[in-house]
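A.B. asks: Give me a model of this one.
(2 chains)
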Amino acid sequence: EAQVTQNPRYLITVTGKKLTVTCSQNMNHEYMSWYRQDPGLGLRQIYYSMNVEVTDKGDVPEGYKVSRKEKRNFPLILESPSPNQTSLYFCASSLVSAHSYNEQFFGPGTRLTVL
Amino acid sequence: AQSVTQLDSQVPVFEEAPVELRCNYSSSVSVYLFWYVQYPNQGLQLLLKYLSGSTLVKGINGFEAEFNKSQTSFHLRKPSVHISDTAEYFCAVTRRGAAGNKLTFGGGTRVLVKP
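C.D. replies: Okay, the predicted model is just below:
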């Protein structure tokens, strides 16, 4: 089954304790992206990757890191989490083509609470 | 850059009544438009999309939306709602012709269907 998976689905942690949220897709997609969802703000892009070893900042990258060492995986790293990073996080992936639409597939979400 | 405004943060509606969710966007380039739905404690599901052609787009679960280029709007409608339509709805756009698929979302509209 074609899908985007995220782990963990729920996480409660404390300020300053490094954590990683994993994202994996089995569709051979080049493009992967992380979003955070906050009440009243919708989803905002944190980082994205156009392919292996190619990553770039989205709209709200502060406090986050990413890596893309393999095509299927795109982990989100919080080196020193703070309470303002409490949010619902979504990973997404799609094919890349310059002149046509490619549907973006979303993972199930990771609910993170930073105390 | 693009921006999306959903004009209503919450819409209470009685079962079997019609509902309209309003979405306006701003962009200096042509865009594709989308509506996503998020049921309680679930991920995002694509309801419908406008890529080109007819400005009236039909989606899943009886929803439809109309693209109005002159008013830069993409309002979502359903003629008769069910209790199961209780969810949060997000309007989103992405730049037409961009190799990547960054989605810009509105703040969301919570629909509460009352019996």
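A.B. asks: what residue lies at the spatial centre of chain B?
C.D. replies: Nearest to the mean C-alpha position of chain B, by CA atoms, centre = their mean, lies residue B:35 at 3.2 Å.
A.B. asks: ok, what's across the strand from the residue in chain B positioned nearest to chain A?
C.D. replies: With CB to the nearest CB, the shortest gap between chain B and chain A falls at residue B:105, namely 3.6 Å. For glycine as for every other residue, the C-beta is placed from the backbone atoms N, C-alpha and C. With DSSP bridges as the criterion, residue B:105 is bridged to residue B:92.
A.B. asks: quick one, phi psi at the closest residue to residue B:46 other than its chain neighbours?
C.D. replies: Leaving aside its sequence neighbours, residue B:46 sits nearest to residue B:36 (CB to CB, 6 or more residues apart in numbering or on different chains; 5.8 Å). The phi/psi pair for residue B:36 (degrees, to the nearest 10) reads phi -120, psi 150.
A.B. asks: Pull up the per-residue confidence for the residue in chain A positioned nearest to chain B.
C.D. replies: Of all residues in chain A, residue A:42 sits closest to chain B, at 3.6 Å by CB to the nearest CB. Listed pLDDT for residue A:42 reads 94.
A.B. asks: Could you tell me how many residues sit around residue A:94?
C.D. replies: Other residues within reach of residue A:94, judged by other CB atoms under 10 Å in any protein chain shown, total 23.
A.B. asks: Okay, and the beta partners of it?
C.D. replies: According to DSSP bridges, residue A:31 are recorded as the beta-bridge partners of residue A:94.
A.B. asks: residue contacts, residue B:5?
C.D. replies: Residues counted as contacts of residue B:5 (CB atoms under 8 Å, 6 or more residues apart in numbering or on different chains) are B:23-26, B:106-107.
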